[in-house]
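Participant: This is a predicted model, with the sequence first.
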Amino acid sequence: MIPELVLVALAFLLLVAGVAGSLVPQVPGAPLSVAGVLVYWWATGEPGTVLLVVLVLIGVLTWVVDFVGGAVAARVGGASNLTAVVAGLVGLVLFFVTGPLGIILGVTATVFAVEFYRQQDARKGLKAALVTTAGMLASGVVQALLTGSILVAMVGVALL
């Protein structure tokens, strides 16, 4: 059987990876954080049921923010559903080719191009692109704060 210390170390490695992953587009920070909580709980029996459920729910909320943050920002900026889908596909492809900066620039350019073509208005295309980019960045910050709070809570559980 795996020693408890190894599982606790794995749990905290997953928790830290969750925070880091929340800052990098297309890296599943929230599931990594939830996995860290569950590994720690399995190894030690802590945290208690109520805190365990709260931390898992925070992880699920973070995952939802990851998926809908960019799309919501695109819609707020005036982009169509088609634009959000096309931009998401471009972001997915660029993940394998360019890395985080390429994803942000590629999605921004895609939103602008599709919205400019759709509306024949550069100003509306630029607004949609800028709001989408700001939303993507804000989504990353919110995810980092939420996964960071899970990590802080688990450090508290381990120390108390």
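Facilitator: Now that the structure is in, tell me what you want to look at.
Participant: number of nearby residues for the closest residue to W41 other than its chain neighbours?
Facilitator: Once flanking residues are discounted, W41 sits nearest to L52: 5.6 Å by Cβ to Cβ, 6 or more residues apart in numbering. Heads up, the C-betas are built off the backbone N, CA and C, glycines and all. Neighbourhood size, L52 [other Cβ atoms under 10 Å]: 17.
Participant: ok, now A153?
Facilitator: Counted with other Cβ under 10 Å, the neighbours of A153 add up to 17.
Participant: what kind of secondary structure is A79 in?
Facilitator: The local conformation at A79, judged by DSSP: H, G, I helix; E, B strand; the rest coil, is coil.
Participant: how much space between L61 and V54?
Facilitator: 10 Å (Cβ to Cβ, to the nearest Å).
Participant: Just checking, which helix or strand of the protein averages the lowest pLDDT?
Facilitator: Least confident element among the helices and strands of the chain, by mean pLDDT, DSSP states H and E: helix 81-97 (a mean of 83).
Participant: List the buried residues for stretch 151-160?
Facilitator: Using 16 or more other Cβ atoms under 10 Å as the test for burial, stretch 151-160 gives 151, 153-154, 157.
Participant: One more: stretch 8-16?
Facilitator: Buried, per 16+ other Cβ under 10 Å, within stretch 8-16: 10-12, 14-16.
Participant: and which of these is nearest V142?
Facilitator: L15 (17.5 Å; Cβ to Cβ).
Participant: what's the helix or strand harbouring the closest one packed up against?
Facilitator: Using DSSP states H and E, L15 maps to helix 4-23. If contacts are counted by 3 or more Cβ pairs under 8 Å, 6 or more residues apart in numbering; DSSP states H and E, helix 4-23 sits against helix 29-44, helix 122-159.
Participant: For the buried residues of stretch 8-16, please prepare a markdown table with the additional fields pLDDT and distance to L92.
Facilitator: Converted to a markdown table, these look like this (pLDDT from 0 to 100; distance: Cβ to Cβ, whole Å):
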| residue | pLDDT | distance to L92 |
| --- | --- | --- |
| L10 | 97 | 29 |
| A11 | 97 | 30 |
| F12 | 97 | 30 |
| L14 | 97 | 24 |
| L15 | 97 | 26 |
| V16 | 97 | 25 |
